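Participant: just coords:
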């Protein structure tokens, strides 16, 4: 597996609330994206990333994180 490094001063991770429409059964895009999401580990990864961001891993050496719950 290749590891890619991104410059923290020029990189952003934008997550637009995927819970309701993409991650929740019954969401508008859940069935359309489910097979691919499961194959690439999307659900498991988002369940790790989003709580970490909300827990306050902001303004440190990894870059600035802005959350608007």
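Facilitator: On my side now, so go ahead. The model shown is predicted, which means the values in this text are computed figures rather than measured ones.
Participant: how much space between the residue positioned nearest the centre of the chain and residue 20?
Facilitator: Among the residues of the chain, the one closest to the centroid is residue 46, at 4.5 Å (Cα atoms, centre = their mean). According to Cβ to Cβ, to the nearest Å, residue 46 and residue 20 sit 13 Å apart. For every residue, glycine as well, the C-beta is placed using N, CA and C.
Participant: And residue 13, by the same measure?
Facilitator: The value you get for residue 13 to residue 20, if Cβ to Cβ is used, is 19 Å.
Participant: ditto for residue 8
Facilitator: From residue 8 to residue 20 the distance is 29 Å (Cβ to Cβ).
Participant: same thing with residue 27?
Facilitator: Taking Cβ to Cβ, one finds residue 27 at 6 Å from residue 20.
Participant: of these two, who's got more company?
Facilitator: Shown here are residue 27 and residue 20; by other Cβ atoms under 10 Å, residue 27 has more neighbours (16 against 12).
Participant: Skipping adjacent residues, who's closest to that one in space?
Facilitator: The shortest distance from residue 27 to any non-neighbouring residue, by Cβ to Cβ, 6 or more residues apart in numbering, is to residue 21 (4.2 Å).
Participant: Can you tell me the SS state at that neighbour?
Facilitator: helix (DSSP: H, G, I helix; E, B strand; the rest coil).
Participant: and it, how many neighbours does it have?
Facilitator: 14.
Participant: Which strand or helix spans residue 13?
Facilitator: Under DSSP states H and E, no helix or strand contains residue 13.
Participant: sorry, back to before: quick one: classify the residue nearest to the centre of the chain as helix, strand or coil.
Facilitator: helix.
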